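>>> Have a look at this fold, sequence not included:
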């Protein structure tokens with residue numbers, strides 16, 4: 001089955017260190033030091049000075065020029081679609097989760113997909129998915145952590161995360177949930 005553009009981008013980011021010698025956050029630091037203003041300048045620099053292939057150089061340049069905290073292209077539309085109709089009541093819950101996660105650091109990447117939003121650092125540490133009209137599922141990568149109470153094993157929910165927390169209202173975005181997300185962020 002063919003991968004979506006979002007899945008291809010995620011795959012490239014996951015393979016960046018293996019293919020280029022550095023993860024995305026280190027490449028972004030290289031670009032910031034160069035103080036480039038244009039996409040083409042960044043691509044050319046990465047290719048000529050660092051031997052990065054064109055596709056990876058293009059990806060790095062796109063991420064480097066995105067405004068701080070910005071989502072991927074089309075991200076606002078994807079999130080709006082996720083929280084349209086009956087799921088609109090969940091948007092404040094999503095907004096509370098994003099506000100909390102953004103406080104972790106400047107390197108948090110918020111990457112909306114068609115049905116969920118990926119939260120990344122050098123790799124994905126969590127995802128937010130409006131699963132029903134009354135519940136958001138927060139998938140968290142906490143390998144080695146025992147599932148208990150609210151912190152369930154992900155099971156068939158999503159293979160990209162190890163755990164899931166079901167969130168029905170903004171009051172569920174509490175210190176416990178934020179603590180699990182912070183642990184996953186720090187491990188990413």
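Nice, I can see it. If you're wondering where the values come from, they're calculated on a predicted model, not measured in any experiment.

>>> Taking the centroid of this protein, which residue is nearest it?
In the chain, the centroid-proximal residue (CA atoms, centre = their mean) is residue 119; its distance is 2.6 Å.

>>> Check the secondary structure at the closest residue to residue 157 other than its chain neighbours for me.
Distance criterion CB to CB, 6 or more residues apart in numbering; nearest residue to residue 157, sequence neighbours excluded, is residue 164 at 4.9 Å. Placement of C-beta: from N, CA and C, glycine included. Three-state call for residue 164 (DSSP: H, G, I helix; E, B strand; the rest coil): strand.

>>> Quick check: beta-bridge partners of residue 164?
Per DSSP bridges, the residues bridged to residue 164 are residue 139, residue 152.

>>> Quick one: mean pLDDT over the helix of greatest length in the chain.
Looking across the chain with DSSP state H, the single longest helix is helix 5-20. In this model, helix 5-20 carries a mean pLDDT of 81.

>>> Give me the next element, helix or strand, following that helix.
Along the chain past helix 5-20, the next helix or strand (assigned with DSSP states H and E) turns out to be helix 24-34.

>>> what sits up against that next one?
13, 16, 20, 22, 42, 45-46, 50, 52, 60-61, 63-64, 107, 121-122 (CB atoms under 8 Å, 6 or more residues apart in numbering).

>>> So of those, which two are at opposite extremes in space?
Spatially, the most separated pair among those is 45 and 121, at 24.1 Å (CB to CB).
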